[in-house]
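Trainee: here is a sequence together with a model predicted from it:
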Amino acid sequence: MNIRETFRVALRAIRRNKVRSALTMLGVIIGVASVIAMIALGSGARAAIDEQIQSQGTTLIYVSSGSWGGPGRASQGSGTTQTLTVEDADAIAREVPSVARYTPGVRGRAQVIAGNNNWNTQVEGGNEDYLAIRNWVVGDGANFTPRDVQVAEKVCLLGATVARTLFPDGDPVGQIIRVRNMPFRVLGVLAPKGQGQFGQDQDDFVLAPWTTIQKKLLGITYLHQVSITARSSEVVEPTAVAITRLMRARHRIANPEQDDFSVRTIEEMAATRVQMAETMTGLLMSVASVSLLVGGIGIMNIMLVSVTERTREIGVRMAVGAKTKDVMRQFLAEAIALSLVGGLAGILLGVAVSQTITQSLGWPVAITSASILVAFAFSAAVGIFFGWYPARKAANLDPIEALRYE
Amino acid sequence: MREPLIRVVELRRSYALGDVTVHALRGVTLEIEAGAMVAIVGASGSGKSTLMNILGLLDRPTGGQYFLDGQDVSGFDRDRRAELRNRKIGFVFQNFSLLPRTTALENVELPLLYAGQGLRPQERHAKALGLLRAVGIGERADHTPNQLSGGQQQRVAIARSLVNDPELILADEPTGNLDSRTSVEIMEILQRLNREQGMTVLLITHEHDIAGYATRVITVRDGRVTNDAPVANRRDAARELVAMPVETEA
C-alpha cells in the first residue's frame, strides 16, 4: 500500500472515533500550543532586548557606584556607595583615549508640578552630551548648553509622557515647572521612544543639568553613574577594561572583590537579560514538553486500545495479503496522523495564545516560522515514537489468532 | 504430467502446550489438481483447520513439504507467505470477515491495495464493482456489512477472494452461518466459479451434505487422511435452486 493510501486509511480510522481522537489529540494540542507560545515569548523578549540595544547605542558603557558583587560575593548594591565623583568621570575622559563621550549621572524621584497638573517621575541629571549618549532626540525646543551645566542652571527637558501629563493642551517649551517646589524652565521636549523591553514607559522622566540636580535638588556630592560611549563598537571591551583599571587605581583598590564601582557594557547587560529570558523560556519549555510527553503517552494508550479492538481487522488484512510492514505502517500512520493533526491544532492555539498574551499583558512575542516547523516536526516525532510500540504489536500478531479473535 | 496445484508430503504440525506436545497433523500426503473442487471434511479437533491454515499459508508446517504451484513454500517466512496469499489464494470464511464500517466495494478492493500492482483508484473500483455484479450484489456496492444480510456478506467475501485472480479459493465453512437456501446460493456461486472459470475450490466443512457439492471428498481424522474419494452423485446447486421455493431473503 502506498503512502497516500495508508494515510487515507489512517485519517478515516481517526474520523470514525471523533470524540476519542479529539480527546487523544488534546494532550498534543496543549503541548504544542505551550511550546509555540513559550518560543514566541522567548524570541519576543530577545527581539525586544536587541531593539533596546539598538535604541541605546551599542557602544554604551556604564560606570555605576557600588559593586555588583557577582555570584557568591557580598554585593554592596548598585548606587549605594558615595565614592563615585565627577573627578572620576573627568579622569576617565582624559586618560582613556577610546572614550568618545561621557556624562556624569545622578537621579532621583520627584513630584513635578505645572499649573494644576502634577506628576511623580524620575529626574535624571546629565550634561549636554546625555542625549547623544543615550540616543535621545529633542523633538521640540533645544538641548541645554555646557554653560547651563557649568552654572547649574535650573533648566530641563521633558520626556514625552511628562510633557503630555503636565501640559495636556499647551506647548511646554518656555514654561516653568516646579520640581520639588524648585522652578525649572522647560527648554524642550524629547521625541518619544515608547515602551521599553518590559513594558516600562521610557518617556516618563525629566532631564536637567547634573550639577543642578546634584547640588540643588538632591544635595549630594557624589554621582550615581557615569555613562560613556566608546569610539566604536569594536573598542567597547578594551575601553571597559581600561576604565576598570583606571578606577581601581584612583580608588586604590587592589582586590577586585572590593570594587566600589562596577563597569558594565550595554552588551553585557543585554547578554545577562537575554540569559535570564532564555532561562525562563527554557524552564517554561520543559514544562510544555512534559505535556507533549503526556500527550504522546495518551496516543500510545489509545493506539494500544485500537490494536486490541481491531485485532479481527488486522487478521483480515493479513489474510488478504497485508505484510508486516503494511500493518506496521497503517498503525504508525494513524499515530502520526493523530499527533500531526493535534500538532496543527496546537500551532493554531499557540499562535492565538501568543497574540492574547501580547494584547492583554503587553509582553512582546515573536512567532517564527522556525518555531512552527520545530513544533510540527516534534509532534510528528511524538507520533512515531509513541506509535511504534502499538504498531509493532499489531504487525506481529499471528494471523490465525487475529482472525479468530472475538 | 502436469504438476498438481497443491502437493503436500508427510505434512506435520505440532503445538507445544505447556509441557504437552499436541500433534494436530501427523503426516498428511495429498495432491489437488488445478480446476478441482475438493471438500476436506472432519470433526472438530480432527486437524482439518490446521490443514486449512497451512494450505492457506496462514501457518507453516513443523515437518513435511508443501508445494504450491510447483514451488516449495514450506519454509516461507511471514511476508513471503503474505505475498503468496495475496496473489494466489482467495479466502472465504465462516464469519465473512469483512472490515466493519467499510463499504462492500472497499472490502472487495482491499486485496488490491496490498497487491502492489499500482492500479489507479478508478481501475480498482471498476474491477471490484465488476465482481460484485458477478456475485449478484452490484447494486449494494456502497453498503457496509451491517447493512447486508449474511448471504450478501458472504457474496462480498467471495468477490473479495476473486479480486486478485487467485489460483485457489479456500472456503472455510462458508455456509456455517447461513440458512439452507442461502447456503445453496453460496454453493451455487462456488460451483459456477469452478465449472465456468476452472477455479480450484477447496471447501473445508464438517457437513457431509455441503461436501456433496464437491467433486472429491478428503476425510481427515486424528491428524491423518482417512479417506479420499471422488463424489459419486455430485449435487448441483443451480438445479436445486430452481426446485426450491423462492423465499424473501431477510
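Mentor: Yep, that arrived. All figures in this text were calculated on a predicted structure; none of them were measured in a lab. Residues are numbered from 1 along each chain as shown, chains lettered A, B, ... in the order given.

Trainee: and the helices in the stretch 101-250 of chain A?
Mentor: A:130-133, A:146-150, A:160-166, A:210-211, A:236-251 (DSSP state H, counting those that start in this stretch).

Trainee: dump these into CSV; add mean neighbour count as well.
Mentor: Bear in mind the C-beta positions are built from the backbone N, C-alpha and C, glycine included. Converted to CSV, those look like this (neighbours: other CB atoms under 10 Å in any protein chain shown):
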stretch, mean neighbour count
helix A:130-133, 20
helix A:146-150, 15
helix A:160-166, 22
helix A:210-211, 22
helix A:236-251, 18
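
Trainee: now those helices as CSV including mean pLDDT?
Mentor: Shown next, in CSV, are the helices of the stretch 101-250 of chain A (pLDDT from 0 to 100):
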stretch, mean pLDDT
helix A:130-133, 91
helix A:146-150, 93
helix A:160-166, 92
helix A:210-211, 94
helix A:236-251, 91
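
Trainee: excluding chain neighbours, give the residue nearest to A:L397 in space.
Mentor: A:I314 (5.5 Å; CB to CB, 6 or more residues apart in numbering or on different chains).

Trainee: what's the neighbour count on the one you found?
Mentor: 23 (other CB atoms under 10 Å in any protein chain shown).

Trainee: give me the pLDDT for residue 24.
Mentor: Since no chain was named, I'll use chain A. On the pLDDT scale, A:T24 is placed at 90.

Trainee: my question was about chain B
Mentor: pLDDT at B:A24 comes out at 92.

Trainee: what's near enough to touch it?
Mentor: The contact partners of B:A24, taken as CB atoms under 8 Å, 6 or more residues apart in numbering or on different chains, are B:R13, B:S14, B:Y15, B:G47, B:T50, B:G223.

Trainee: quick one: the strand or helix carrying it to chain centroid distance?
Mentor: Under the criterion of DSSP states H and E, B:A24 resides in strand B:20-32. Strand B:20-32 has its average C-alpha position 20 Å from the chain's average C-alpha position, going by CA atoms, centre = their mean, to the nearest Å.

Trainee: mind listing residues that contact whichever helix or strand comes after that strand?
Mentor: Sequence order places strand B:37-41 as the next helix or strand after strand B:20-32, per DSSP H and E. Residues outside strand B:37-41 that contact it (CB under 8 Å, 6+ apart) are B:32, B:48, B:51-52, B:190-191, B:194, B:200-208, B:210-211, B:213-220.

Trainee: equivalent analysis for stretch A:32-43, please.
Mentor: A:277-278, A:280-281, A:284-285, A:287-289, A:291-292, A:342-343, A:345-347, A:349-351, A:353-354, A:357, A:363, A:365-368, A:371-372, A:374-375, A:378-379.

Trainee: make a PyMOL selection of the buried ones in the residues you listed.
Mentor: Applying 16 or more other CB atoms under 10 Å in any protein chain shown to the contacts of stretch A:32-43, the buried members can be selected in PyMOL as follows:
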select buried, chain A and resi 277+281+284+285+288+291+292+342+343+345+346+347+349+350+351+353+354+357+363+365+366+367+371+372+375+378+379
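
Trainee: next to chain B, which bits of the stretch 101-250 of chain A? Give me the list.
Mentor: Within the stretch 101-250 of chain A, no position is near chain B by CB under 8 Å from any CB of the partner chain.

Trainee: so, low pLDDT: which residues of the stretch 101-250 of chain A?
Mentor: A:196-199 (pLDDT under 70).

Trainee: what about the strands in the chain?
Mentor: I'll assume chain A. Counting by DSSP state E, chain A has these strands, from start to end: A:60-65, A:99-114, A:117-126, A:138-141, A:155-158, A:176-179, A:182-190, A:205-209, A:225-230, A:261-265.

Trainee: sorry, should have said chain B
Mentor: B:6-17, B:20-32, B:37-41, B:63-68, B:71-72, B:89-92, B:168-172, B:200-205, B:216-221, B:224-230.

Trainee: I'd like to know which of the contacts of stretch A:32-43 are part of helices.
Mentor: Among these, the ones falling in helices (DSSP state H) are A:277-278, A:280-281, A:284-285, A:287-289, A:291-292, A:342-343, A:345-347, A:349-351, A:353-354, A:357, A:371-372, A:374-375, A:378-379.

Trainee: around chain A, which positions in chain B sit nearby?
Mentor: B:53, B:56, B:58-59, B:78-79, B:82-83, B:85-87, B:91, B:93, B:97-101, B:110-111, B:113-115, B:118, B:160, B:164.

Trainee: from those, which land in helices?
Mentor: Short answer: those in helices (DSSP H) are B:N53, B:R78, B:D79, B:A82, B:E83, B:R85, B:N86, B:R87, B:L110, B:P111, B:L113, B:R160.
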